[in-house]
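> Compute the structure for the input listed below.
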Amino acid sequence: MRTPGPVLVAWLLELDVAGALTTAHVRASAQISGVNVRTVWRRLAAARTEGRVERRSRTRPELSGQAWEVLAQAGGNVSVRCTGT
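Model (predicted):
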């Protein structure tokens, strides 16, 4: 997934705080980044409300030993239902 970089988002936020941000800035930023205009607006909104210009890191699910055991017993097929026994 592509996303505008933190430097670009920080620059747009500076323009916004100064009252100089225009739709043309956002469109150009989207084109430069290779993303949809809506993505840039979302990242800018996150910078405004959460104070972060970087992308939020994604958490990766961790499987317990019991979950691995259930998968092994099911032959690795996660579509098999676990009955809880």
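
> For Leu12, the count of nearby residues, please.
Neighbouring residues of Leu12 were enumerated by other CB atoms under 10 Å; the total is 21. Any C-beta I mention is one placed from the backbone N, CA and C, and that applies to glycine too.

> Can you tell me how far it is from Ala72?
49 Å (CB to CB, to the nearest Å).

> what bits of the chain have low per-residue confidence?
Scanning the chain for pLDDT under 70 picks out the ranges 1, 56-57, 76-85.

> Can you show me the helices along it?
6-18, 23-33, 37-50, 65-73 (DSSP state H).

> can you redo those helices as CSV with distance to Arg58?
Supplementary listing: the helices of the chain in CSV, determined by distance: least, CB to CB, whole Å:
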stretch, distance to Arg58
helix 6-18, 16
helix 23-33, 19
helix 37-50, 14
helix 65-73, 20
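
> what's near enough to touch Leu8?
For Leu8, the contacting residues are Ser29, Ile32, Ser33, by CB atoms under 8 Å, 6 or more residues apart in numbering.

> Kindly provide the distance from it to Arg27.
13 Å.

> again, but for Gln66
Between Gln66 and Arg27 the distance is 51 Å, computed by CB to CB.
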